[in-house]
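J.: Give the three-dimensional model of this entry:
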Amino acid sequence: MSTTALPVVPLHLGDLHAYEQLLVLLLAFGPFAVLGVVVAVLRRRDLAAEDETADAAAVDGADEAGSRSPGTARTQHAGSTLAPAEPGEPQRDR
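T.: A predicted model of the protein is given here:
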């Protein structure tokens, strides 16, 4: 029985130059860095839009609350599924 050795292919072809190392790092981690920047920018934009909506609602709510007696102003958090209730009534689902 004879055994034949398979040819060995070197997987490491030597040291990389500095620019090649930089290129490898950019290719490996660059997409994640870009994704992080995109997520941060979109999150900041969404929070700014949410603040503008809340400010506009607060101004509208202040106008409405001024016409009612104090203590009857309704507050509702963003994402709430409960409909605001009049004083003395329990809140109900929309």
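
J.: Mind checking what secondary structure Ala5 has?
T.: Here Ala5 is recorded as coil under DSSP: H, G, I helix; E, B strand; the rest coil.

J.: Please report phi then psi for it.
T.: Dihedral pair for Ala5: phi -80, psi 140, per degrees, to the nearest 10.

J.: What's the local residue count around it?
T.: 5 (other CB atoms under 10 Å). (Each C-beta comes from the backbone N, C-alpha and C, glycine too.)

J.: Val59 now?
T.: 10.

J.: same deal with Ala57?
T.: There are 13 residues near Ala57, going by other CB under 10 Å.

J.: Over to the one 3 residues further on?
T.: Using other CB under 10 Å, Asp60 has 10 other residues around it.

J.: again, but for Leu23
T.: Other residues close to Leu23 by other CB under 10 Å number 13.

J.: Over to Val41?
T.: The tally of other residues near Val41 (other CB under 10 Å) stands at 10.

J.: okay, Asp60: pLDDT?
T.: Listed pLDDT for Asp60 reads 74.

J.: roughly how far apart are it and Thr53?
T.: With the distance defined as CB to CB, to the nearest Å, Asp60 ends up 10 Å from Thr53.

J.: Val34 too?
T.: Distance from Val34 to Thr53, counting by CB to CB: 29 Å.
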